[in-house]
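*Asks:* I'd like to go over a predicted model; first the sequence, then the structure.
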Amino acid sequence: MADLDLAALRRWPDVEAENLYAYDAADRLLLATAEPLLAGLDGARVAVVNDHYGALTLSLAARGLAGIRVHQDPLSGELALANNAEALGLGGYRQYPLGPEIFDGVRLVLLQLPRSLDALEEIAGWIARSAAPDVVVLAAGRVKHMTKAMNQVLGTAFSHVTAGLARQKARVLTATGPARPESSRFPLVESHDVGLPAPLRLVAFGGTFGGAKLDVGTRFLLPLLDGARDCRTAVDLGCGNGTIAAYLALRRPELRVTATDQSASAVSSTKATAEANGVADRIMVRRDDGLSGLADASAELIVLNPPFHIGNAVHAGIALKLFADAGRVLAPGGELWTVWNSHLGYRPALQRLVGPTRQVARNPKFTVTVSVREG
């Protein structure tokens, strides 16, 4: 493998900190394991999935491969890859949505294992249905985040799955012999009673955090939103499966909602949830890095159930980034409604980044606050 200084890679525009890195041991082990399989292989026959910030794709590009097919669910990873490619003067790859096109005729897949088994099942199914019969899937992760269930999930789509030896606390699973499953169980659909005239139907693809379930914190938040300010527009920031966006649209027939998430899977899920509940005409869904696509002082109401992890790392940085985005986008007098795990103590940060913040409700696990942007 041609040398690429992985330490030169940045995470930007994702959160950067001293304890957060743009590559890991799983990237290195994947590249080393792939080396003998790449000889004579056209780059267009190689797919890279879940490349966090470009370590895999750009290492392949540095050795001269062109036409590499890439899928990254988070927009932050996609933008970081583009930024790193420009900084290093590398290219030779193309972004694809998750589906048959990215794997059509592919003979080698490099996959950073996702956190979710549903996400892994959906990815494995697309590979098994679409790739070449002799495709080899190399799926790697940090040992502490891997489970035997991952082998079992891969085993439903491939006839042979083997686990390699651990190296620097990372391991590679190798899957061959695609089983060609005829169908997929995705998207998932569940109905939930949230106090509306009809059950709320939630739809989710495999990579959407929480699937089609109703998040416990969001369930606590929803009825409290009746106390939010009267307005004509609202933003569901980090929309996930679209619960908040759909609830707002159903509860307030005059309201138009913008739903944003950096996850391609979440965007597809929210669109499907909006359609399933008959409110697709009033919900605009966009894939965005936070609220970077919205103008300053343009929002009347923003609702947020912030994540507390970045990939597999528990880190408050992502929530703080979203708070700052909300503070920028809220118009004077605009409100940010937030539900968060009480032990995280976000209120001082909300006061600093958004404005005066009061507690609306609290239970043994969650706190709901409203922050008002001052003029």
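*Replies:* That came through, no problem. Residues are numbered from 1 along each chain as shown.
*Asks:* Which residue, other than its chain neighbours, is closest to residue 124?
*Replies:* Nearest-residue entry for residue 124: residue 157, 4.0 Å, with adjacent residues in sequence omitted and distances by C-beta to C-beta, 6 or more residues apart in numbering. Quick note: C-beta positions are derived from backbone N, CA and C, even for glycine.
*Asks:* That neighbour against residue 181, yeah?
*Replies:* Yes. Counting by C-beta atoms under 8 Å, residue 157 does reach residue 181; the two are 6.1 Å apart.
*Asks:* Any figure for the gap between residue 177 and residue 191?
*Replies:* As for residue 177, its distance to residue 191 is 38 Å (criterion: C-beta to C-beta, to the nearest Å).
*Asks:* and residue 352, how many residues sit next to it?
*Replies:* For residue 352, the neighbour count with other C-beta atoms under 10 Å is 13.
*Asks:* Just the buried positions in the strand or helix carrying it, please.
*Replies:* Assignment of secondary structure by DSSP states H and E places residue 352 within helix 347-353. For helix 347-353, a neighbour-count test (16 or more other C-beta atoms under 10 Å) marks 347, 349-350, 353 as buried.
*Asks:* Compute the distance between the residue nearest in space to the middle of the chain and residue 68, please.
*Replies:* With distances taken as C-alpha atoms, centre = their mean, residue 263 lies nearest the centre of the chain, 3.6 Å away. Residue 263 sits 22 Å away from residue 68, going by C-beta to C-beta.
*Asks:* Helices along the stretch 1-150 of the chain, start to end?
*Replies:* Secondary structure of the stretch 1-150 of the chain, counting by DSSP state H, counting those that start in this stretch: helices at 25-34, 55-62, 75-88, 100-103, 117-130, 148-157.
*Asks:* quick one: which of these is nearest residue 165?
*Replies:* Ranking those by distance to residue 165, with C-beta to C-beta as the measure, places helix 25-34 first at 9.7 Å.
*Asks:* tell me the contacts of the nearest residue to residue 193 once chain neighbours are set aside?
*Replies:* Excluding its sequence neighbours, the residue lying closest to residue 193 (C-beta to C-beta, 6+ apart) is residue 199, at 5.5 Å. Residue 199 makes contact with 191-193 under the criterion C-beta atoms under 8 Å, 6 or more residues apart in numbering.
*Asks:* Could I have the buried ones of the residues you listed as PyMOL selection syntax?
*Replies:* Command for PyMOL, covering only those of these found buried under the criterion 16+ other C-beta under 10 Å:
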select buried, resi 192
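*Asks:* which ones among the contacts of residue 199 are found in helices?
*Replies:* Among those, none falls in helices (DSSP state H).
*Asks:* Which one of the contacts of residue 199 is nearest to residue 33?
*Replies:* Nearest to residue 33 among those is residue 192, at 42.7 Å by C-beta to C-beta.
*Asks:* For the closest one, give me its contacts.
*Replies:* Neighbouring residues of residue 192 by C-beta under 8 Å, 6+ apart: 199-200, 202, 214.
*Asks:* Could you measure from it over to residue 88?
*Replies:* Here the distance between residue 192 and residue 88 works out to 46 Å (C-beta to C-beta).
*Asks:* How about residue 328?
*Replies:* Counting by C-beta to C-beta, the separation of residue 328 from residue 88 is 31 Å.
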